[in-house]
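>>> Can you look at this prediction? I've put the sequence above it.
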Amino acid sequence: MKGHMDITLTLAAVEADRERNAREKMENPNKAFREKPLRMEKRKRVIESKFNRELVAEVTHLEDEDLTEFIALCNFSEDYLFETDLPTIIEDMFAVLDDCQSKRDTIPPDMLSQ
């Protein structure tokens, strides 16, 4: 009798595990799907805190169209901006700025006014 009870309890436990696993498999994709917009919003906030128009203007002292062109020249990927710390991003902005200045210095003055 004890052996029969042990087998019955074991079968019930196995069946309960199967049902729980099946339920978790159904819930997890839905949970991940629901949480994705929250993760994307958090990612966007992190990126914008490290690279935004106001911050770039403060670092570079550029304005208006020059600022817009500089931001486009930086061409930093979202992954880079998300994963990289702010001091490194600022260093890289200065490198882009120095490169722009070097190229601009090679252009004859009469060509700049055109």
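On my side now, so go ahead. Numbering: from 1, shown residues only.
>>> For the rest of this, base every contact and every neighbour count on C-alpha atoms.
Fine.
>>> With adjacent residues omitted, what lies nearest to the residue nearest in space to the middle of the chain?
Nearest to the mean C-alpha position of the chain, by C-alpha atoms, centre = their mean, lies F82 at 3.9 Å. Spatial nearest neighbour of F82, excluding adjacent residues (C-alpha to C-alpha, 6 or more residues apart in numbering): I47 at 5.2 Å.
>>> Tell me who's in contact with that neighbour.
I47 makes contact with E78, L81, F82 under the criterion C-alpha atoms under 8 Å, 6 or more residues apart in numbering.
>>> How is the chain partitioned into domains?
Under automatic domain parsing, the residue ranges defining each domain of the chain are 1-40, 51-106.
>>> rank those domains by mean pLDDT and give me the bottom one.
Lowest mean pLDDT within those: domain 1-40, at a mean of 71.
>>> Any figure for the gap between E91 and N52?
15 Å (C-alpha to C-alpha, to the nearest Å).
>>> could you pull out the helices for the chain?
2-50, 53-60, 64-74, 78-83, 86-105, 109-112 (DSSP state H).
>>> what mean pLDDT does the shortest one have?
Throughout helix 109-112, pLDDT has a mean value of 58.
>>> before we move on, back to that, which among the contacts of I47 gets closest to L97?
L81 (17.3 Å; C-alpha to C-alpha).
>>> Burial check on that closest one, number of neighbours?
20 (other C-alpha atoms under 10 Å).
>>> Name the nearest residue to it, ignoring sequence neighbours.
I47 (5.6 Å).
>>> Quick one, grab the pLDDT at the one you found.
93.
>>> now swap in the one 3 residues further on and tell me
At K50, the model reports a pLDDT of 92.
>>> Correct me if wrong: it contacts L81.
Yes - K50 is within contact range of L81, at 7.0 Å (criterion: C-alpha atoms under 8 Å).
>>> still on that earlier bit, can you tell me how far the residue nearest to the centre of the chain sits from R20?
Relative to R20, and taking C-alpha to C-alpha, F82 is found at 36 Å.
>>> Same check on R39?
Taking C-alpha to C-alpha, one finds R39 at 27 Å from R20.
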